[in-house]
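Undergrad: Here's my sequence, what's the structure:
(2 chains)
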Amino acid sequence: MNDHPKKSSTHIENKRDSPLAPYLALDLTDEKGILCGKILTDLGGEVIKVERPGGDPSRGIGPFYQDIPHPEKSLYWFAFNTGKKSITLDIEKRDGKAIFLKLVKKADFVIESFSPGFMERLGLGYSTLSRINPRLIMVSISPFGQEGPYKDYKGPDLVVWALGGMLYICGDADRAPVRISFPQSYAHGGAAGAAAALIALYHRKNTGEGQHVDVSAQQCMEWTTAEIVQIWEMNRLKVGRTGQFRVRPTTGARLREIWPCKDGFICFRVMGGQVGAGFMKALVEWMDHEGMCNDYLRERKWEELDLGKVTQEEYNLAEEPIGRFFLPHTKAELLEEAVKRRIQLLPVNTNEDIFNDPHLSIRNFWKELEHPELGTTILYPGPFAKFSEASCGPWRRAPLIGEHNEEVYRGEIGLSQSELILLKQNNII
Amino acid sequence: MDRQVFKGIKIVEFAWLAAGPFIIKYFADHGATVIKVESSTRLDTLRQAPPFQENRPGINRSGWFAKYNPNKYGISLNLNHPKARPIVEKLVRWADIVIESFTPGVIKRWNLGYEEIVQIKPDIIMLSTSAQGQTGPRAQQPSYGAQLTSLAGFVHLTNWPDRDPATVYGAYTDYIVPYFGAAALIAALDYRCRTGKGQYIDVSQYECAVHFLAPLILDYGVNQKVHHRMGNRSPDATPHGVYRCLGEDSWCAIAVCTDEEWKAFCRVLSNPDWTKDQKFQTFPGRKENEDELDQFIEEWTEKFSAEEVMRWMQEAGVPAGVVRNNEGVYGDPQLNARKHFLKLEHPEMGLHTVESLPFKLSKTPSEIKQAAPCLGQDNYHVYTEILGLSDEEFIQLSEEGVLN
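TA: Here you go, the predicted structure:
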């Protein structure tokens, strides 16, 4: 091991024992890559968000604190920038570039999500940065990747869903395909960027060399489509939209996944085989207990139910009484009993349900972070993993615009007060 | 110089279905030595999941299983057999990382919980990936990605406002966990290099997935706002939708995000009269009249193929994309230029297609050299060459049913 991670003088106390505590990342991303740096900070890395003077454009994305659109009140920004520091810097200006290069010398990672080629045009492409710091790992996150016929295509979330294959298979067959009503593809790109950055870090540990990581959000979204490409390639069958059901392409049987109940919906699959038989019997007992079972369900040999072969008629014999059983119960009632009886049934949750889920609070999932400027604290989704030997963020609220200018410019790269003032006057920072 | 990042890193996989094996794919495709442990009585369930090559079911013929498990040795071992214990201990002693993805509690029945294996190998890194985590009132409730996608809030947000929620195809949250799981494991390896300490990592699929909707969770906490499905609408862009094109079930997504893009969009349509209507001149105006706007657009897109619409829009700088079905994805020029799909040769399936990881590392690109293993395919190699059993021991254990 010949690794000499860059030390920083400004770590906060509880991050010290974290897995990535010694490493420094410069985060130039907009919303297309914003989660990457957030994951690195959660793991203890120091991440400096480099914002253009006036603030990063993703500060304009809602929802907003108290519904007031304001660059210091974006909940989108808050959620994906916890633990980061912020400096403002115009890397498109000559003096800004020079300062950026000084920071690059100290950095382990540069993360960016500009259009492919933009960093090269600024003279800040990987080939240049790696000459200044051969150990640097540069992570580029883009809709379609840095090469290929669509590399210059614009790729907001909906477009990446479309070309990644996930859009076509979501929604009802009689209408247009639909996406999840909150952008997802960039979260995939950013998270993949974090994993890839760490693969590159491990390589550097062994060899001392950095490299360029090129993430495609389209490829990430293709991975979310489960087995549809194999269904085409192996069986030449198409997969369509099936609403609340899943459809076995081989038999065409529509098997219900989303079931209405008293106050919303739940998700449940009738299943056979060894796995299914266990909880199907438990469900039948429960239905019996409430006097809502019938002979068919009681006598069915669930081990023998083969969803690959079952006909619609036969399947409906189970679906119809089960559906009637769920209907008068609330989501909470169904969940409570399903947990007791170890049945694979979970509610269709809203953001409110998740926020109030006792399971998450009992696991100490939520993390309360102070927002002194707003005179309040906000609850955040907590550690994405629980480590026995280390802590995982989030550590502190997202930074204000340029909050760490003084600390980074004076402390880290040793600019004088007058240099700092001059840079401000020239709109570099 | 060897370009395989994780060469020399040894992983034992007691994992099944998508999330766990996919986490390990990040290592397997970058050079780690991975031993996937199954038993004939307890298969990775995905082996029995369609599609099957030539539509003929068989535990070595699932295209779905084939995706997550290339570059892994496959062994069979009957963990319930009393003589399996010394072998498991050899595996753990050999390993840097142990991963398991059973329902919490199950692994402890075989005395393979972290507390036990850390006695065998003090600096072991162990990761458990489960539906809702190792602790908490619902820890032991079994569930798949489909149900977790509902639990984590995605299903409620999918479909039109006047329709009931629709499934997100497949097992969406299974594809969120691997990023976090792989990052956590590599960070733990790095930590072990610096401190000599291994550790235990508890990953909850539910909790990882919630991070992908984090701003909405904050919005409830701060503003008590509940979010609902809204078709393809976006608060920040209009027109923003999926429009019918020429051909059967053929669609193009168009997302106009700026005024500049709106002007370019109108030019692609040759500035028909309706685009000059006062109500469409500003973002709030277009937003207010979005239904009408969508109708006008679809009247135009219906006359052309989705490919044409995408090409004309993108050439003019307007974000647009063909809504690819499974055949279309497989033929997508960009994915193919990125070499996203690879053909592998497999003893039973023959040539079949798998995907590569969604990123390229310039100096150490991922490599897939070997198709997913048949059940027990590598027993002899692993038990004798790697774990050091003699041929006699191997034969005896096989005959006693320990290696089933």
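Undergrad: now the strands: where do they sit in the stretch 251-400 of chain B?
TA: Using DSSP state E, counting those that start in this stretch, the strands of the stretch 251-400 of chain B run over residues B:251-255, B:320-322, B:341-346, B:350-355, B:359-361.
Undergrad: helices or strands next to the last one in the packing?
TA: Secondary structure elements in contact with strand B:359-361, counted by 3 or more C-beta pairs under 8 Å, 6 or more residues apart in numbering or on different chains; DSSP states H and E, are helix A:185-207, strand A:211-216. Every residue, glycine included, has its C-beta placed from N, CA and C.
Undergrad: Now render the ones you listed as TSV, adding mean neighbour count and mean pLDDT.
TA: Shown next, in TSV, are the helices and strands packed on strand B:359-361 (neighbours: other C-beta atoms under 10 Å in any protein chain shown; pLDDT from 0 to 100):
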stretch	mean neighbour count	mean pLDDT
helix A:185-207	26	97
strand A:211-216	27	98
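Undergrad: about what we covered before: will you turn the strands of the stretch 251-400 of chain B into TSV that also has mean neighbour count and mean pLDDT?
TA: Shown next, in TSV, are these (neighbours: other C-beta under 10 Å; pLDDT from 0 to 100):
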stretch	mean neighbour count	mean pLDDT
strand B:251-255	27	98
strand B:320-322	29	98
strand B:341-346	15	98
strand B:350-355	18	98
strand B:359-361	24	98
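Undergrad: out of those, nearest to residue A:254?
TA: With respect to residue A:254, and counting by C-beta to C-beta, the nearest of the strands of the stretch 251-400 of chain B is strand B:251-255 at 22.1 Å.
Undergrad: hang on, residue B:146 packs against residue A:267?
TA: Yes: here residue B:146 reaches residue A:267: they are 6.3 Å apart, a contact under C-beta atoms under 8 Å.
Undergrad: who touches both of these two?
TA: A:257, B:167 (C-beta atoms under 8 Å, 6 or more residues apart in numbering or on different chains).
Undergrad: and the residue sitting furthest away from the middle of chain A, what is it in contact with?
TA: Note on chain A: the largest C-alpha distance from the chain mean falls to residue A:295, namely 45.8 Å (C-alpha atoms, centre = their mean). If you count contacts by C-beta under 8 Å, 6+ apart, residue A:295 has none.
Undergrad: circling back to that earlier point, distance to residue B:175 for the helices and strands packed on strand B:359-361 - can I get that in a markdown table?
TA: What follows is the helices and strands packed on strand B:359-361, written out as a markdown table (distance: least, C-beta to C-beta, whole Å):
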| stretch | distance to residue B:175 |
| --- | --- |
| helix A:185-207 | 8 |
| strand A:211-216 | 15 |
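Undergrad: what would those look like in JSON lines with distance to chain B?
TA: Shown next, in JSON lines, are the helices and strands packed on strand B:359-361 (distance: least, C-beta to the nearest C-beta, whole Å):
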{"stretch": "helix A:185-207", "distance to chain B": "4"}
{"stretch": "strand A:211-216", "distance to chain B": "4"}
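Undergrad: Which among those is found nearest to residue B:169?
TA: helix A:185-207 (14.7 Å).
Undergrad: got the angle between that closest one and strand A:211-216?
TA: Interaxial angle of helix A:185-207 relative to strand A:211-216 (axes from the mean of the first three to the mean of the last three C-alpha atoms, to 10 degrees): 160 degrees.
Undergrad: could you say what helices and strands helix A:185-207 packs with?
TA: helix A:34-42, strand A:109-112, strand A:137-142, helix A:157-164, strand A:211-216, helix A:217-223, helix B:177-195, strand B:359-361.
Undergrad: Confirm for me that residue A:48 is in contact with residue A:405.
TA: No: using C-beta under 8 Å, residue A:48 makes no contact with residue A:405, being 10.4 Å away.
Undergrad: The two: who's more crowded?
TA: Of the pair residue A:48 and residue A:405, residue A:48 is the one with more neighbours under other C-beta atoms under 10 Å in any protein chain shown, namely 26 against 19.
Undergrad: Go ahead and name everything in contact with the one helix or strand that one maps to.
TA: Here residue A:48 sits within strand A:46-51, counting by DSSP states H and E. For strand A:46-51, contacts defined as C-beta under 8 Å, 6+ apart pick out A:8, A:10-11, A:23-28, A:37-38, A:40-41, A:56, A:81, A:83-89, A:91, A:100, A:103, A:399, A:401-402, A:404, A:408.
Undergrad: Just the CA trace of it, in CSV.
TA: The C-alpha coordinates for strand A:46-51 follow below in CSV (Å, rounded to 0.1, in the frame of the first residue of the first chain):
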residue,chain,number,x,y,z
GLU,A,46,-14.7,15.8,2.6
VAL,A,47,-16.6,17.2,-0.3
ILE,A,48,-16.4,20.8,-1.5
LYS,A,49,-19.3,21.9,-3.7
VAL,A,50,-17.9,24.3,-6.2
GLU,A,51,-20.8,26.6,-7.0
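Undergrad: What pairs with it, parallel or antiparallel?
TA: Sheet partners assigned to strand A:46-51 using DSSP bridges are listed as strand A:24-27 (parallel), strand A:85-88 (parallel).
Undergrad: Could you identify the helix or strand that succeeds it?
TA: helix A:75-80.
Undergrad: can you pull the pLDDT of the nearest residue to residue A:415 once chain neighbours are set aside?
TA: Nearest in space to residue A:415, with sequence neighbours left out and distances taken as C-beta to C-beta, 6 or more residues apart in numbering or on different chains, is residue A:409 at 4.6 Å. Per-residue confidence (pLDDT) for residue A:409: 95.
Undergrad: Give me the number of neighbouring residues for residue A:409.
TA: A total of 24 residues lie near residue A:409 under the criterion other C-beta under 10 Å.
Undergrad: which residue is nearest the centroid of the chain?
TA: I'll assume chain A. residue A:187 (3.9 Å).
Undergrad: wrong one, I was asking about chain B
TA: Centre-nearest of chain B using C-alpha atoms, centre = their mean is residue B:175, 2.8 Å out.
Undergrad: who touches that one in this structure?
TA: Taking C-beta under 8 Å, 6+ apart, one finds A:188, A:223, A:224, B:18, B:19, B:22, B:145 in contact with residue B:175.
Undergrad: Could you dump those residues into CSV with distance to residue A:301 added?
TA: CSV is the format used below for those (distance: C-beta to C-beta, whole Å):
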residue, distance to residue A:301
A:188, 41
A:223, 37
A:224, 35
B:18, 28
B:19, 31
B:22, 33
B:145, 27
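Undergrad: Nearest to residue B:240 among these?
TA: residue A:188 (19.5 Å).
Undergrad: that older thread, show me how to select, in PyMOL, the buried members of the contacts of strand A:46-51.
TA: Remark: buried members of the contacts of strand A:46-51, expressed as a PyMOL selection using 16 or more other C-beta atoms under 10 Å in any protein chain shown:
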select buried, chain A and resi 8+23+24+25+26+27+28+37+38+40+41+56+81+83+84+85+86+87+88+89+91+100+103+399+401+402+404+408
